[in-house]
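Student: Any chance you could fold what I've pasted below:
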Amino acid sequence: MSQWVWIVIALLCIAIVFFLIVMYIDDHRFVIREYDVHTSRVSHPLTFVFMSDLHSKDHGDGNRKVLESVDSIRPDAVLIGGDMIISSKAKRSEDGWMQVSLNITEALASKYPVYLSNGNHEDVLHEEEIFRPLYDRYMEEMEKRGAIPLHNTSEVFHDVRIYGLELPHSSYGKVFPVHVGVEDVEACIGTCCEDSGDPEFKVVLAHNPKFFPAYAQWGADLVLSGHVHGGLMKIGKLGFIAPDLHLFPKYCAGKYTLPKGNKEMSSKTDLSTLIVSCGLGEHTLPIRIFNPAELSVVRLTPGKPDS
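Tutor: Numbering: from 1, shown residues only. Below is the predicted model of the structure:
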């Protein structure tokens, strides 16, 4: 072989080693990302910690690193966006499949209000009849440890109404396009009470960010999502592949905005905000390249809405 062939092979080997090192580092760390949302609908600042897609991962001795980070933030409440477990482990009845989730929830709920919504890993246990007893036992244990479940229901926290949106599991279909419209959102959590003059700031825990246009049209002020894991490999806000096997998901990580409500009624300053967390864990494909796990901090501040 010529000298140039050997050079190319050497460069490829160096690149492979480099990406493996980056993947190993990013698979074993998490970062704290902060997001500011300004709104005239809250009378005083509120801070939420949002966590999603833990997938039973332990960030050091009972998730001590995560718990210490939450304590350093001192949030008003913790919001959990689903996929705290790995459904395949539950289906195989592996020992401890729910224990990591129960432990971190109990530790958090001893200090903060903890609101919980499902992801697709919880949903698949709920919707498959044979695994429903596992789901029921898991939710019972989560409630015992202090979590407040929001299964297509809502709770008021100060000036905020928090919804847990759980679309049918079919909305997580892979490969082929799936449509979710505002009517599907309404079928789960009812119509938005925006038209009645309800002053509450509406936060929707919606695990799958793909349907943000429907959430915005429904009237959500803030949507908190996960599911995409940052797209496995991420450059800036561009992720490589989504769980539905679509390349370069539109809503991958970070903060996005869309006009809120019906387009005819929305103004440039009447926006719905989406925050997509890269999640705290992984499953099946434990790949994170330039894409560390994420603990999200959302700060609601009184003032002129974001535009």
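Student: what's the following helix or strand after the one helix or strand residue 9 maps to?
Tutor: Counting by DSSP states H and E, the element that carries residue 9 is helix 3-27. Secondary structure here is assigned by DSSP H and E; on that basis, the next helix or strand after helix 3-27 toward the C-terminus is strand 30-39.
Student: Who does that next one pair with, and is each partner parallel or antiparallel?
Tutor: Using DSSP bridges, the neighbouring strands of strand 30-39 in the sheet come out as strand 293-302 (parallel).
Student: Now do the partner strand against helix 3-27, angle only.
Tutor: 60 degrees (axes from the mean of the first three to the mean of the last three Cα atoms, to 10 degrees).
Student: the strands in the protein, which residues?
Tutor: Residue ranges of the strands in the chain, as given by DSSP state E, are 30-39, 46-51, 77-80, 114-116, 147-149, 154-157, 160-165, 201-206, 222-225, 234-235, 238-239, 254-259, 271-276, 293-302.
Student: what would those look like in a markdown table with mean pLDDT?
Tutor: Formatted as a markdown table, the entries for those read as follows, by pLDDT from 0 to 100:
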| stretch | mean pLDDT |
| --- | --- |
| strand 30-39 | 96 |
| strand 46-51 | 98 |
| strand 77-80 | 98 |
| strand 114-116 | 98 |
| strand 147-149 | 97 |
| strand 154-157 | 96 |
| strand 160-165 | 97 |
| strand 201-206 | 97 |
| strand 222-225 | 98 |
| strand 234-235 | 84 |
| strand 238-239 | 86 |
| strand 254-259 | 96 |
| strand 271-276 | 96 |
| strand 293-302 | 97 |
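Student: Please name whichever of these is nearest to residue 285.
Tutor: Shortest separation from residue 285 across these is recorded for strand 238-239, at 13.0 Å, computed as Cβ to Cβ. Heads up, the C-betas are built off the backbone N, CA and C, glycines and all.
Student: List of residues touching that closest one?
Tutor: 228, 230-233, 248-249, 252-253, 291 (Cβ atoms under 8 Å, 6 or more residues apart in numbering).
Student: hang on, the earlier thing: so which elements touch the helix holding residue 9?
Tutor: Other helices and strands packing on helix 3-27, by 3 or more Cβ pairs under 8 Å, 6 or more residues apart in numbering; DSSP states H and E, are absent; none qualifies.
Student: Let me see the mean pLDDT of that helix.
Tutor: Confidence over helix 3-27 (mean pLDDT, whole number) is 88.
Student: right, and the strands of the chain - which one's nearest residue 139?
Tutor: strand 147-149 (6.2 Å).
Student: one step back: looking at the contacts of strand 238-239, which one is closest to residue 65?
Tutor: Checking the contacts of strand 238-239 against residue 65 with Cβ to Cβ, the nearest one is residue 291 at 18.0 Å.
Student: how near is the closest one to residue 19?
Tutor: Distance of residue 291 to residue 19, computed by Cβ to Cβ, to the nearest Å: 12 Å.
Student: And for residue 81?
Tutor: From residue 81 across to residue 19, the span is 29 Å (Cβ to Cβ).
Student: ranges for the helices of the stretch 51-200 of the chain?
Tutor: Under the criterion DSSP state H, counting those that start in this stretch, helices of the stretch 51-200 of the chain are mapped to 64-73, 87-91, 99-109, 120-127, 132-144, 182-189.
Student: can you tell me how far residue 37 sits from residue 297?
Tutor: The span separating residue 37 from residue 297 equals 11 Å under the rule Cβ to Cβ.
Student: who has more neighbours, these two?
Tutor: Taking other Cβ atoms under 10 Å, residue 37 and residue 297 do not tie; residue 37 has more neighbours (23 against 19).
Student: What separation is there between that one and residue 296?
Tutor: Distance from residue 37 to residue 296, by Cβ to Cβ: 12 Å.
Student: Ok, residue 225 next?
Tutor: For residue 225, the distance to residue 296 - Cβ to Cβ - is 10 Å.
Student: Which one's more surrounded, these two?
Tutor: The residue with more neighbours, out of residue 225 and residue 296 and counting by other Cβ under 10 Å, is residue 225; that gives 29 against 25.
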